[in-house]
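**Q** Sharing a model prediction with you, sequence too.
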Amino acid sequence: MSESGELKRRPAAIIVLAAGQGTRMKSAKPKVLHTILGLPLVEHVLRATFPLDATNTVVVVGHGRDEVVAQLKQTYPDVKIVIQEEQNGTGHAVAIALETLPEITGSVLVLAGDTPLLTTEDMARTINAQEGHAAAVLTANLVDPTGYGRIVRGSSNDVEEIVEHRDATELQKEITEVNSGVYAFDAKSLSEALGEVDTKNSQGERYLTDVLAILRAKGKNVNGVTTSEENILGVNDRRQLAAAGAVLRTRIADEWMLAGVTMVDPSSVWIDRTVTLEADVTLLPNVQLSGTTSIYAGATVGPDCTLTDTVVESGASVIRTTANGAHIGADATVGPFTYLRPGTVLGAGAKAGGFVEMKNSVLGAGAKVPHLSYVGDATIGEGSNIGAATVFVNYDGVAKHHTEVGKHVRIGSDTMLVAPLKIGDGAYTAAGSVITEDVPAGSMAVGRARQRNIVDWVLRRRPGSDSAQAALADSSNKNSK
């Protein structure tokens, strides 16, 4: 029997067990909906099963079923969902799943919904190992097998039975080969054996593991195929959730580097499973990429960036930036210490510089907001420059208003643009202006009061102060000349 990860035959069904309460998570959220690297635990499992192209995929839910069902209907609407009203064990869960799949023949893969590190290859190997046997189980050898069901093998090296840790003898507890919770069964053999599973165990539940002993008692063979300890690790508490996330982070980083992405320090880069990257992207240290973020060839992101649901086009440079729902055009530059909020679009070659915040705004090709500015609800034409400390005053306390800045406009430093407002192509605003009216194309807008100097105000109102002494000294120097 080959143990290749290349699937030899399409499974008749895949059954994912996701009904458990997960009490050790200490959470109101169902365990299988806890998230690592952009996906709930159960979706990591489903994602790995899909290349197997099963005829049927069934998820058994119970605890928190309304939340789990709502999530799965949104992300995997073609998956069949079965409700386990009372959690009477894994054997019971598989039995009610089979009731929805009458008269199926072939291989049935069963696995848990809280094992996000399981690989498609290991699932395929388990299905392949079942060929010619009534069942196959995926196993691993652990340094510390405490808590896991032990694999008891016979003289021919077939699996005789699986004994749960709480039911194992002291001798059986010394066995280091453990059950992963991943099984492939012949559908008919599975259905017949489930009818004989009882509840004579410490939990009073119907164990799926008892099926293997029943099959052996009938003279049928059960195969075992071994994988690494890392692949079978389940999530039962927050520590294990974090540990699984760390392993998955490394795997995802390795996959992208092999696909042509440069990472200067991959240990500091976190990439959601849902992110897409092209070859020749460069990621510098301390980068987090989440959601539907996409980065195109030649772009450089980092250091110190958090991008969520953001597009970065070819050749762009993004430094020390937080972006959420933004679109950064080709060859654009962003940062440092920049915040791009949802609806922000930067055209080709545009710049959003240091300490700039933008929201629901379009910055045209080659346009610049170099530093220390807030741009909200605005459209800025190509080639325009927004001077330092400019604020787009978009909110009147009740509603947001839009500002339109034309092409090749020059906004002077420290300008307040009070929306709604339109500034024509080629116009200028004087530094320090408050602009409340539309500015025609090619005009200079000045919106500031005329300066008035009150001579000797400090000497009269702040006598004896350091400022007064400095002023007096300056006056004496001038008088002596």
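**A** Structure received.

**Q** So which bits of stretch 170-179 are buried?
**A** Buried residues in stretch 170-179, defined by neighbour count with 16 or more other C-beta atoms under 10 Å: 172, 175, 177-179. (Glycine included, C-beta is placed from N, CA and C.)

**Q** How far does it sit from its chain's centre?
**A** Its chain's C-alpha centre lies 37 Å from the corresponding centre of stretch 170-179 when counted by C-alpha atoms, centre = their mean, to the nearest Å.

**Q** returning to what we had before: now secondary structure, distance to Q130 and pLDDT too, for the buried residues of stretch 170-179, in TSV please.
**A** Conversion of those to TSV gives the following (DSSP: H, G, I helix; E, B strand; the rest coil; distance: C-beta to C-beta, whole Å; pLDDT from 0 to 100):
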residue	secondary structure	distance to Q130	pLDDT
Q172	helix	24	95
I175	coil	22	97
E177	strand	18	97
V178	strand	19	96
N179	strand	15	94
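
**Q** residue ranges of the strands in the stretch 1-150 of the chain, please?
**A** For the stretch 1-150 of the chain, applying DSSP state E, counting those that start in this stretch gives strands covering 13-18, 35-36, 39-40, 56-61, 80-83, 107-112, 135-141, 150-153.

**Q** Give the buried residues for the fifth one.
**A** Burial within strand 80-83, assessed by neighbour count using 16+ other C-beta under 10 Å, is assigned to 80-82.

**Q** For T146, which non-adjacent residue is closest in space?
**A** Spatial nearest neighbour of T146, chain neighbours left out: H165 (6.8 Å); criterion: C-beta to C-beta, 6 or more residues apart in numbering.

**Q** Next: S180.
**A** I232 (3.8 Å).

**Q** who does the nearest residue to T49 once chain neighbours are set aside bridge with?
**A** Leaving out its chain neighbours, the residue that sits closest to T49 by C-beta to C-beta, 6+ apart is I14, at 5.1 Å. For I14, the residues forming beta bridges with it (DSSP bridges) are T57, L109.

**Q** I figured I14 hits A54, correct?
**A** Yes: in this structure I14 lies within contact range of A54 using C-beta atoms under 8 Å: 4.4 Å.

**Q** Residue ranges in this structure under the pLDDT threshold?
**A** Along the chain, the parts satisfying pLDDT under 70 run over 1-5, 201-202, 204, 477-481.

**Q** try 80 this time
**A** Counting by pLDDT under 80, the ranges of the chain that qualify are 1-5, 199-205, 475-481.

**Q** Domain boundaries for it, per the record?
**A** 13-232, 250-445 (automatic domain parsing).

**Q** Quick one, which of those domains gets closest to D474.
**A** Distances from D474 to each of these were compared using C-beta to C-beta; the shortest belongs to domain 250-445, at 25.4 Å.

**Q** First-to-last residue distance for the closest one?
**A** For domain 250-445, the first-to-last residue distance is 55 Å (C-alpha to C-alpha, to the nearest Å).

**Q** now do stretch 354-367
**A** For stretch 354-367, the first and last residues are 15 Å from each other (C-alpha to C-alpha).

**Q** How far off centre is that stretch?
**A** Distance, stretch centre to chain centre, for stretch 354-367: 25 Å (C-alpha atoms, centre = their mean).

**Q** what does stretch 395-411 give?
**A** Counting by C-alpha atoms, centre = their mean, stretch 395-411 comes out at 34 Å from the chain centroid.

**Q** ditto for stretch 235-252
**A** Centre-to-centre, stretch 235-252 and its host chain are 13 Å apart (C-alpha atoms, centre = their mean).

**Q** need the contact list for A135.
**A** Taking C-beta atoms under 8 Å, 6 or more residues apart in numbering as the criterion, A135 is in contact with 183-186, 189-190, 211-212, 215, 220, 222-223.

**Q** Assess the claim that G181 and L233 are in contact.
**A** No: under the criterion of C-beta under 8 Å, G181 makes no contact with L233, lying 10.7 Å away.

**Q** shared neighbours, the two?
**A** By C-beta under 8 Å, 6+ apart, G181 and L233 have these common neighbours: T115.

**Q** ok, back up a step: make JSON lines out of the contacts of A135 and add neighbour count, secondary structure and distance to R460.
**A** Output for the contacts of A135, formatted as JSON lines (neighbours: other C-beta atoms under 10 Å; DSSP: H, G, I helix; E, B strand; the rest coil; distance: C-beta to C-beta, whole Å):
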{"residue": "Y183", "neighbour count": "27", "secondary structure": "strand", "distance to R460": "92"}
{"residue": "A184", "neighbour count": "28", "secondary structure": "strand", "distance to R460": "94"}
{"residue": "F185", "neighbour count": "31", "secondary structure": "strand", "distance to R460": "97"}
{"residue": "D186", "neighbour count": "23", "secondary structure": "strand", "distance to R460": "102"}
{"residue": "S189", "neighbour count": "20", "secondary structure": "helix", "distance to R460": "103"}
{"residue": "L190", "neighbour count": "25", "secondary structure": "helix", "distance to R460": "98"}
{"residue": "V211", "neighbour count": "29", "secondary structure": "helix", "distance to R460": "98"}
{"residue": "L212", "neighbour count": "28", "secondary structure": "helix", "distance to R460": "98"}
{"residue": "L215", "neighbour count": "24", "secondary structure": "helix", "distance to R460": "103"}
{"residue": "K220", "neighbour count": "17", "secondary structure": "coil", "distance to R460": "106"}
{"residue": "V222", "neighbour count": "27", "secondary structure": "strand", "distance to R460": "101"}
{"residue": "N223", "neighbour count": "21", "secondary structure": "strand", "distance to R460": "99"}
